[in-house]
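>>> Sequence and predicted structure are below.
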Amino acid sequence: MCHRGTVRLETPRLFLRPLGLDDCHAMFETWAGDPQVTRWLRWQAHRDWTVTAEILYLWQQQAGEPAFYNWGICRRQDGALLGSISLAPPGEDGMWMPGYCLGRAFWGQGYACEALREVCRFWFEEVQGDSLCACHAVENPASGRVLEKAGFRFLRTGVHRKFDGTPVDCRFYRLNREDLTL
């Protein structure tokens, strides 16, 4: 693989860029502080903007690393920060895993799928990765539709854990280089 880090990516409606400390308030207000947005994520909603600032500071420390992938999802027409998308380093299974979330005002408009497709294109064409795995909470079928529209194929159901250890029933998917359709 040829790791490139969090480089700017563009789609017809979006651009993906590294997040910085000046994104703190927009990130907190748009998605990180909203319990409805974080309900099915591995982490809890931030209690206030200082938690968001701490996370962004940690991410900035990692931003120069070639194998660190974490983008803000921005709308091209006005630069609005809609959410984030990342590629988590391999876990026990050795697979890289995309994760994404958008503020509620941006749900159902195809932004998550558009961002995910571009990150997958980048992963396979530029980083030269072989495959990606992903999962979503069984009770969050909208995330499964995003994965399927991006070309991921259902593998199995199972349990994934939140960062605090809470088990969540999930559906697991995989996308191989040869399955990618743009």
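Sure thing, it's come through.
>>> Between the two ends of stretch 148-167, how far is it?
End-to-end distance for stretch 148-167, by CA to CA, to the nearest Å: 23 Å.
>>> Number the residues from 13 up from this point.
Will do, 13 is the new start, and the previous item becomes stretch 160-179.
>>> quick one: average pLDDT of it?
For stretch 160-179, mean pLDDT rounds to 86.
>>> Centre of the chain to the helix ranked longest in the chain, how far?
When the chain is parsed with DSSP state H, its longest helix is helix 61-74. Mean C-alpha position of helix 61-74 versus that of the full chain (CA atoms, centre = their mean, to the nearest Å) differs by 16 Å.
>>> If you count neighbours, what's buried in that helix?
61, 63-65, 67-68, 71 (16 or more other CB atoms under 10 Å). For glycine as for every other residue, the C-beta is placed from the backbone atoms N, C-alpha and C.
>>> Would you mind pulling the contact partners of it?
31-33, 35-37, 39-40, 44-45, 58, 80, 82 (CB atoms under 8 Å, 6 or more residues apart in numbering).
>>> what are the C-alpha coordinates of that helix, in PDB please?
Output in PDB follows, covering the C-alpha atoms of helix 61-74 (Å, rounded to 0.1, in the frame of the first residue of the first chain):
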ATOM      1  CA  TRP A  61     -17.500  22.000  22.700                       C
ATOM      2  CA  THR A  62     -14.300  21.500  24.800                       C
ATOM      3  CA  VAL A  63     -14.500  17.700  24.300                       C
ATOM      4  CA  THR A  64     -14.800  18.300  20.600                       C
ATOM      5  CA  ALA A  65     -11.700  20.700  20.800                       C
ATOM      6  CA  GLU A  66      -9.700  18.000  22.600                       C
ATOM      7  CA  ILE A  67     -10.500  15.400  19.900                       C
ATOM      8  CA  LEU A  68      -9.600  17.800  17.100                       C
ATOM      9  CA  TYR A  69      -6.400  18.600  18.900                       C
ATOM     10  CA  LEU A  70      -5.500  14.900  19.000                       C
ATOM     11  CA  TRP A  71      -6.400  14.500  15.400                       C
ATOM     12  CA  GLN A  72      -4.200  17.400  14.400                       C
ATOM     13  CA  GLN A  73      -1.300  15.700  16.200                       C
ATOM     14  CA  GLN A  74      -1.800  12.600  13.900                       C
END
